[in-house]
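Student: Here is a sequence together with a model predicted from it:
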Amino acid sequence: MGKTVLITGASSGIGKAAAKKFAGEGWNVVATMRNPEQEQELTQFPTVLVTKLDVQQPDTIEAAIDAGIARFGQLDAVINNAGYGQNGIFEATTSAQIQQQFDVNVFGVMNVIRAILPHFRQHKSGSILNISSGAGRFTLPLISLYAASKFALEGFSEALSYELSSLNIVVKIIEPGGTETNFGKVTQEQFAHNPALSDYDDFTQAAGKMFANMIAAKLVTAETVADVIYTAATDGTDTLRYVIGNKDFNKRMEARTNMPDQEYINTIRAGFTKFMPQY
């Protein structure tokens, strides 16, 4: 009956592109999202089951897994794609925003993995692909919460990969850079701002200019990221990390890995300091 993958956050962006990629390659796909009744495109694929899954609601996770098994017989891989970025000055964020960021990007992934592991253990196989970010390896101003959640996801995924290797269950991390999706739009809409914290205004504007220069570089498409996800799921290796991004992004990843720590920190500081007012 072919292999089957369950994908979270499949309503748009990387998740939807991955669902279409796997379906096009002959896989069965359990495409999950918070509002499946609104999906019109993926429902046209005969090998795609569109169903509800909210990573903050464990009962919907169990129901989606059960529905996928009932429809296709077995689940072979899960792609933990659901996530978002809570950006802004840390002091401007609320406790609720901090909790929400980790509930979705970290605890939600853990909820899905905990729910799928009994099935993978039963079949003595399975692949877990966690969609991280370059922000899981290096960070920048204004993304402290998002980076913290992705750093946590990276540490969790690496440690988990060691545990599950003994059971023939593979864990992999996908690290996209800037992508042509609505992720940035959603992030901007949820940008934390507090007018009372005007002391940060000069810094926020300087950091914003630095980000604008980065965004001006060519972004990779969601389809390109989906191709890398498919490769990771099917290449038969135990490679842990897969990096995908433009030249600037790849240079940043290389610098974070190879440059002396303080030298790298100074380079990042210089990136936004040059936009700061001189007093």
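Tutor: Structure's in. What do you need? Numbering: from 1, shown residues only.
Student: just how off-centre is the host helix or strand of residue 19 within its chain?
Tutor: Assessed by DSSP states H and E, residue 19 sits inside helix 13-24. How far helix 13-24 lies from its chain's middle: 14 Å, per Cα atoms, centre = their mean, to the nearest Å.
Student: which helices and strands sit right next to whatever helix or strand comes next after it?
Tutor: Reading on from helix 13-24 to the C-terminus, the next helix or strand found by DSSP H and E is strand 28-33. Here strand 28-33 touches strand 4-7, helix 13-24, strand 48-52, helix 58-72, going by 3 or more Cβ pairs under 8 Å, 6 or more residues apart in numbering; DSSP states H and E. For the C-beta atoms, the positions are set from N, CA and C on the backbone; glycine is no exception.
Student: ok, longest strand in the chain?
Tutor: Counting by DSSP state E, the longest strand found in the chain is strand 169-176.
Student: tilt between it and helix 13-24?
Tutor: 130 degrees (axes from the mean of the first three to the mean of the last three Cα atoms, to 10 degrees).
Student: still on that earlier bit, which other helices and strands contact the helix holding residue 19?
Tutor: Judged by 3+ Cβ pairs under 8 Å, 6+ apart, helix 13-24 is in contact with strand 4-7, strand 28-33, helix 222-234.
Student: got the buried residues for that helix?
Tutor: Going by neighbour count (16 or more other Cβ atoms under 10 Å), the buried part of helix 13-24 is 13, 14, 15, 16, 17, 18, 19, 20, 21, 22, 23.
Student: Tell me how far the last one lies from residue 265.
Tutor: Put plainly, it is residue 23. Distance of residue 23 to residue 265, given as Cβ to Cβ, to the nearest Å: 44 Å.
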